[in-house]
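K.L.:
sequence and predicted model, in that order:
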Amino acid sequence: MSGFVTLLIALVAAAITYGTPLLFGTLGEVLTEKSGNLNLGVEGIMFMGGAMGLGGVFYYEKGGGANGFAAVAIAILCAFLAGALASLIFSFLTTTLRANQNVTGLALSIFGTGIGQFIGEYMRVSEGGYISISNRLAGYFQNAPFPAFLQKIPLVGGILFGNSLFFYLAVLLAVALFWYLNKTRSGLYLRAVGESPATADAAGINVTRYKYLATVIGGGISAIGGMVYIMTIAGCVWNHEGLSGEGWLAVALVIFCMWRPLSAIWGSVLFGALMILYLRLVIPFIPTQLYKILPYVVTVVVLIVSSMRNNKEKQPPASLGLSYFREDR
């Protein structure tokens, strides 16, 4: 196997690892934005999910828990509930009180980041050291769920079967979200709410309920992405700076994938590759900072190209970011 092929396989494998948290964050925001709500607080939501997910497993193990599958379930549940609660606050402010979605989302990003960092640092100080879990439990989060012989298949084994459990869960979630949005009546209603809430309301669709459910569930899914980052990339150790920028990349990836769940799969892998490119392809005269802005540059280019084509299927929901006033119908 040539050196180039080896480097390429290693890059793809690392891109999948770094792209998995982004995939959860993106899918959650896609669901949210399909309802017409623009939640820019994904950064804060992922911070809360990371802190709560790690904290749940840490105290589970400290209390004598040793079951790996239970630990994974607890981490997912704690992260989801943290994101759902934060998104419920966002929904109340923007849907019920009709606050500006951009301002509320930015406030949630700051608030959630602060809450996540506070919880993480509080646990660290109260325990008198780093917050981490045992290597045995960490293996359930970081190791692949497939047998070793599948991972040893030449060329494709490591890429297809060597990833953490969460990558496969995220792919299944993307497929399920695509099916829900395009093949179910409820998904059609949700898209109708995002495109024209007045028309949906006139047709008897409960606009408020769909906005609340999509935003709360979407926020919970995004928060799982924060937990996945802490439990896989950060090595199951709390790092209050590790998640910086992940939420904003997820928001950018929503635009990049044109609000399509299936496109988010390869898009997240691409963004993961762009995030770590400076570690794999070192060019002396190119500053590291230029590497790190590549995902945003690519997003801007895609946004410009899609706007020039003026293709309705590649545009955001028509009512995205706009409060719905039933009296104006």
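P.N.:
Yep, that arrived.
K.L.:
what is the burial count for Val156?
P.N.:
Number of residues near Val156 (other Cβ atoms under 10 Å) recorded here: 12. For the C-beta atoms, the positions are set from N, CA and C on the backbone; glycine is no exception.
K.L.:
same check, this time on Gly267
P.N.:
Counted with other Cβ under 10 Å, residues neighbouring Gly267 total 26.
K.L.:
what's the closest non-adjacent residue to it?
P.N.:
Cys257 (4.3 Å; Cβ to Cβ, 6 or more residues apart in numbering).
K.L.:
same question for Asp201.
P.N.:
Spatially, and ignoring its direct neighbours in sequence, Asp201 is nearest to Val207 (5.0 Å; Cβ to Cβ, 6+ apart).
K.L.:
ok, that neighbour touching Glu195?
P.N.:
No - using Cβ atoms under 8 Å, Val207 is not in contact with Glu195; the gap is 11.6 Å.
K.L.:
on that earlier part again, pLDDT value on the residue nearest to Asp201, please?
P.N.:
As predicted, Val207 sits at a pLDDT of 95.
K.L.:
can you get me a residue count around it?
P.N.:
For Val207, using other Cβ under 10 Å, the count is 23.
K.L.:
residues in contact with it?
P.N.:
Val207 makes contact with 193, 197, 200-201, 324, 326, according to Cβ atoms under 8 Å, 6 or more residues apart in numbering.
K.L.:
again, only this time at 6 Å
P.N.:
Contact partners of Val207, counting by Cβ atoms under 6 Å, 6 or more residues apart in numbering, are 193, 197, 200-201, 324.
K.L.:
ranges for the helices of the stretch 201-329 of the chain?
P.N.:
Counting by DSSP state H, counting those that start in this stretch, one finds helices in the stretch 201-329 of the chain at the ranges 207-228, 246-256, 263-280, 288-292, 294-309.
K.L.:
mind putting those into TSV with distance to Leu188?
P.N.:
Below are those laid out as TSV (distance: least, Cβ to Cβ, whole Å):
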stretch	distance to Leu188
helix 207-228	11
helix 246-256	20
helix 263-280	20
helix 288-292	39
helix 294-309	23
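K.L.:
return the most buried member of those.
P.N.:
Most buried of the helices of the stretch 201-329 of the chain, by mean neighbour count (mean count of other Cβ atoms under 10 Å): helix 207-228, with a mean of 26.
K.L.:
distance between it and the chain's centre?
P.N.:
Its chain's C-alpha centre lies 10 Å from the corresponding centre of helix 207-228 when counted by Cα atoms, centre = their mean, to the nearest Å.
K.L.:
same thing with stretch 284-292?
P.N.:
26 Å.
K.L.:
same check on stretch 296-303?
P.N.:
Here stretch 296-303 shows a centroid-to-chain-centroid distance of 19 Å under the convention Cα atoms, centre = their mean.
K.L.:
just the residues contacting it, thanks.
P.N.:
Residues outside stretch 296-303 that contact it (Cβ under 6 Å, 6+ apart): 252, 255-256.
K.L.:
in a markdown table: those residues, plus pLDDT and distance to Ser164.
P.N.:
Formatted as a markdown table, the contacts of stretch 296-303 follow (pLDDT from 0 to 100; distance: Cβ to Cβ, whole Å):
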| residue | pLDDT | distance to Ser164 |
| --- | --- | --- |
| Ala252 | 89 | 23 |
| Ile255 | 89 | 26 |
| Phe256 | 88 | 23 |
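K.L.:
any chance of those in TSV with distance to Leu262 as columns?
P.N.:
Output for these, formatted as TSV (distance: Cβ to Cβ, whole Å):
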residue	distance to Leu262
Ala252	18
Ile255	16
Phe256	13
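K.L.:
where does the stretch 101-250 of the chain dip in pLDDT?
P.N.:
Applying pLDDT under 70 to the stretch 101-250 of the chain flags no residue at all.
K.L.:
separation between Arg136 and Tyr59?
P.N.:
Distance of Arg136 to Tyr59, given as Cβ to Cβ, to the nearest Å: 17 Å.
K.L.:
A helix includes Ile119, no?
P.N.:
Yes - Ile119: assigned to a helix according to DSSP: H, G, I helix; E, B strand; the rest coil.
K.L.:
okay, now it: neighbour count?
P.N.:
Neighbourhood size, Ile119 [other Cβ under 10 Å]: 21.
K.L.:
distance of it from Ile110?
P.N.:
Using Cβ to Cβ, Ile119 is found at 15 Å from Ile110.
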